[in-house]
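Novice: Whatever this is, show me its structure:
(chains A and B)
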Amino acid sequence: MTDRGPVVVLLCHHVALEPKVDLEILRADLALRYPRGTVHVVDGLCEDPARLERLIPQSGATNAVLGLCGGELDERELQAALRRAGLDPLGVGQVDLGTWCRGMDGSLATRKARVLLGAAVAAALAFPGSKPANAKPYLPARLSRRSFLRLPVPAYRAMPSWDPDRCATDEGCHLCVEACPVQAVSRLDGRIRIDTSRCEACGVCASQCPRETLSFPGYSPPEVEARVRALLEDGDGIAPRGILFVCSKATPTGPVHPGWMPVPLACAAMATASWLMAPLLLGATAVGVLRCTGPCPNAPGEKVLRTVEFCRELLAAVGEPEERVQWLPQLQQPPGAGLPAREGRRRVPPGVFRTSPEVVSSVLLQVVESIAWQPELDLPHPGAPTGVVEINPQACTGCGMCGRACPTGALAYREEGGAVSLSFEAARCIGCELCLETCPEGESGAIRVERRFAPKRLREGPTELCRHEQARCVRCGAPVAPRAMLERVMSLLGEDAGPLRAHLTQFCSSCRPLGAPRGGGPPQA
Amino acid sequence: MKALARVRQAVYRFLAEVFLLPTEERISGLREAATALGGEAVLAGFPFFPAWQRLLRELEGLRSAQTLREVYERGFAGRGGPDLSSLLRGSFYLGGDPEAVAALCGRLEREYASAGLALSPQLRGAPDHLSVELEYLAFLCGREADAWQGGDVREARNVMVRQVRFLDCCVASWVPGLAERLVREDLPELYRAGAAACEAFVEQDRRFVSFVSQVWETGA
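Specialist: Got it, this is the predicted structure:
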């Protein structure tokens, strides 16, 4: 437990019936492991959530975890009860023990329940808090127009909110706009707007933002990481263990092997390559992705499939079985069935689930290192979260627009010593192609971007891609522009440019009016 | 829906009163209203409930209306202290562009006039004051409740569309700035709690009303 305040664990008494969890053992074990927290078994928790109102304030808890039997639960009543008890419903963890411990014998079900609840406590402790902008109303059931007059109070679920301080939309970044599968995110007047009514709260925008500008309480990187670590670190005789990223709308239909440890995501498409690979560093035997059953309104399939494919190809390329990462795994089989056990868990510092490019590339490099370091590996793949930028110095004019557009600082444009230079740091590149989009010489092939994973490049640090000499103002000596750019402009103006040609190439913007031909006004071509 | 509209009306009115000159009579009225609204179970169904409870606690713990009044006069009325009076006005958040300020005030006065309202003498010249904008929303919620009561769903929906439009272009666009600013000012906690409650309620209500309109349009 950290200093965030105690977490109360509330268990529905039905979990003693199905699944057959021994509540006394579970309660004693949880109380022993989390001495600052409190554990209560609540009769009829799912039928009457109002009971929580009394128990939570008594415990002095600042957050809660509910161990549920999987029965019907009125989400609106539950949220109201939690608010009256002084808690933020968006931070309260709900663990469906009915689903994840189903079909196990009493001892196993109890141990599995303890691992799941312990992980939910860890996630609850990492809850960053929510803002008014994070609450999206929804109705748990369809409503006819006839019942419109008696519209019930909606339930609320978390949705991403935007933090302007870290956003690069001013520089032209629109990766969140592109990532949104339902066109709910837009740019307006240098701000990002999220249309609440369109937003499906899938969180893809948040997981794709390299600046971590969009916060999504309930599914934030610290919460996901805390849960994954707890699921893998918690010894309870359950082995092998695999991490299963589960879409919030997905429910496993058959029995689930106890080794699969569920990590809820708003949408399976939130799972990035580093999220799929980090659990392998933390001791998981395998990692699976369980998408929602039925047609997905967010249509994330293709994107997440590409990501899974990349992870599998990367593993195969370094000599590891690609089955360590699985799309729709066979849940009744143990995780990584038939695969050799992975070597001992590595000591991995916290923060590996952050979405900044340096963290993403570092996680992938650590995975490669943990298996077999192959500096010469070069894996081009459309699902790669890293990219490589190449510049054609003959076509590049040194205008620097690519550097200004780069949302991660992978491309850096510098003016120094009478020249301009463009450097590239592969560890920061996400292959987003915003540089290509903004390059005025893109059609001439000045810049080339490819999504690829190249360990050697990732370790290199910043390297200079091109350097252009600056033309100097004949009047004051200030830089005018890179010579290559001026030559390009002149070639566009053609031979007839006449006095304008000399005017533009010889004077800086401050001296141009002073250096203008007599008679004032801009020189005529 | 009718009952909910009445509760929303009462909350808007309550929040509007918090940011007016705190006379003994007004504080006592707020306390009475707090007791009445405190029993409204439906409010716990909304995310702004924690901010609302915090405001009620601050009001309950208020020792002297006289001291609060002095602080208000020094700060928000700009008499003898750091002038914070502009913080409560939407035009402050337009970045000092006089044309935009004039356009905003004109638009607001036309909006109020179109609903058959005129500013009271003590607030004349301040159509963008927080209390005025909140009071106008309370008025719209009242009209919505009347429409529901009369079974006029179309009219209720029209009024809701008007509420969303007003929230989007006015108070919802600048109340987050006010709440952020008041955290930094040396003011009684009541005003910080009031601004936080306004921010949470306005955002929640904008989303709720848009949501109801969407449900009506799609029937789902």
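Novice: Provide the contact partners of stretch B:104-111 at residue level.
Specialist: By Cβ atoms under 8 Å, 6 or more residues apart in numbering or on different chains, the list of residues contacting stretch B:104-111 from outside reads B:90, B:91, B:94, B:119, B:127, B:128, B:132, B:133, B:136, B:166, B:169, B:170. In short, each C-beta sits where N, CA and C put it, glycine included.
Novice: which SS state does the residue lying closest to the fourth one once chain neighbours are set aside fall under?
Specialist: Yep, that's residue B:119 we're talking about. Excluding its sequence neighbours, the residue lying closest to residue B:119 (Cβ to Cβ, 6 or more residues apart in numbering or on different chains) is residue B:127, at 6.0 Å. Per DSSP: H, G, I helix; E, B strand; the rest coil, the secondary structure class of residue B:127 is coil.
Novice: returning to that earlier point: filter the contacts of stretch B:104-111 down to the buried ones, ChimeraX style.
Specialist: Filtering the contacts of stretch B:104-111 down to the buried ones (16 or more other Cβ atoms under 10 Å in any protein chain shown) takes a single ChimeraX command:
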select /B:90,91,94,119,127,128,132,133,136,166,170
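Novice: Which ones among the contacts of stretch B:104-111 lie within helices?
Specialist: Using DSSP state H, B:132, B:133, B:136, B:166, B:169 are the members of those that sit in helices.
Novice: The closest residue to the second one other than its chain neighbours - how many residues pack around it?
Specialist: If the residues on either side of it in the chain are set aside, residue B:133 comes closest to residue B:171, at 4.3 Å by Cβ to Cβ, 6+ apart. Taking other Cβ atoms under 10 Å in any protein chain shown as the criterion, the count of residues near residue B:171 is 25.
Novice: Kindly report the same for residue A:369.
Specialist: Look at residue A:369: counted by other Cβ under 10 Å, it has 14 neighbours.
Novice: any low-confidence regions in chain B?
Specialist: Applying pLDDT under 70 to chain B flags residues B:78-83, B:124, B:219-220.
Novice: got the residue ranges for the strands in it?
Specialist: Applying DSSP state E to chain B gives no strands.
Novice: Quick one: name the residues of it near chain A.
Specialist: Within chain B, the residues that sit near chain A (Cβ under 8 Å from any Cβ of the partner chain) are B:1-2, B:4, B:41-42, B:44-50, B:53, B:148, B:151, B:153, B:199-200, B:203-204, B:207-208, B:210-212, B:214-216, B:219-220.
Novice: I'd like to know which of those are part of helices.
Specialist: B:2, B:4, B:49-50, B:53, B:148, B:153, B:199-200, B:203-204, B:207-208, B:210-212, B:214-216.
Novice: Quick check: PyMOL command selecting the buried ones in those.
Specialist: Those of these that count as buried under 16+ other Cβ under 10 Å are selected in PyMOL with:
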select buried, chain B and resi 2+4+49+50+53+148+199+200+203+204+207+208+210+211+212+215+216
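Novice: Find the nearest non-adjacent residue to the residue nearest the centre of chain B, please.
Specialist: With distances taken as Cα atoms, centre = their mean, residue B:134 lies nearest the centre of chain B, 3.0 Å away. Excluding its sequence neighbours, the residue lying closest to residue B:134 (Cβ to Cβ, 6+ apart) is residue B:16, at 3.8 Å.
Novice: For the one you found, grab the count of nearby residues.
Specialist: By other Cβ under 10 Å, the burial measure for residue B:16, its neighbour count, is 20.
Novice: wait, it sits on residue B:129?
Specialist: No. Using Cβ atoms under 8 Å, residue B:16 is not in contact with residue B:129, being 9.2 Å away.
Novice: got any ranges where chain A has weak pLDDT?
Specialist: For chain A, the ranges with pLDDT under 70 are A:1-4, A:141-152, A:234-235, A:297-300, A:343-345, A:515-525.
Novice: ok, now which ones touch the residue nearest to residue B:118 when sequence neighbours are not counted?
Specialist: Leaving out its chain neighbours, the residue that sits closest to residue B:118 by Cβ to Cβ, 6+ apart is residue B:112, at 6.9 Å. By Cβ under 8 Å, 6+ apart, residue B:112 lies in contact with B:118, B:119, B:127, B:136.
Novice: switch the cut-off to 10 Å
Specialist: Each residue near residue B:112 by Cβ atoms under 10 Å, 6 or more residues apart in numbering or on different chains is listed here: B:118, B:119, B:127, B:132, B:133, B:135, B:136, B:139.
Novice: Kindly report the same for residue B:88.
Specialist: By Cβ under 10 Å, 6+ apart, residue B:88 lies in contact with B:19-20, B:75-77, B:126, B:128-133, B:178, B:182, B:191, B:195.
Novice: where do the helices sit along the stretch 251-400 of chain A?
Specialist: Residue ranges of the helices in the stretch 251-400 of chain A, as given by DSSP state H, counting those that start in this stretch, are A:273-281, A:301-317, A:357-371.
Novice: of all the ones you listed, which lies closest to chain B?
Specialist: Closest to chain B of those is helix A:301-317 (Cβ to the nearest Cβ; 23.8 Å).
Novice: got the CA positions of the closest one in CSV?
Specialist: Only the C-alpha atoms of helix A:301-317 are listed here, as CSV (Å, rounded to 0.1, in the frame of the first residue of the first chain):
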residue,chain,number,x,y,z
GLY,A,301,-9.6,-5.2,-35.3
GLU,A,302,-7.3,-4.3,-38.1
LYS,A,303,-5.2,-1.9,-36.0
VAL,A,304,-4.7,-4.2,-33.0
LEU,A,305,-4.1,-7.2,-35.3
ARG,A,306,-1.2,-5.3,-37.0
THR,A,307,0.2,-4.6,-33.5
VAL,A,308,-0.1,-8.3,-32.5
GLU,A,309,1.4,-9.4,-35.8
PHE,A,310,4.4,-7.0,-35.3
CYS,A,311,5.0,-8.4,-31.8
ARG,A,312,4.9,-11.9,-33.0
GLU,A,313,7.3,-11.2,-35.9
LEU,A,314,9.7,-9.5,-33.6
LEU,A,315,9.7,-12.4,-31.2
ALA,A,316,10.2,-14.8,-34.1
ALA,A,317,13.0,-12.7,-35.5
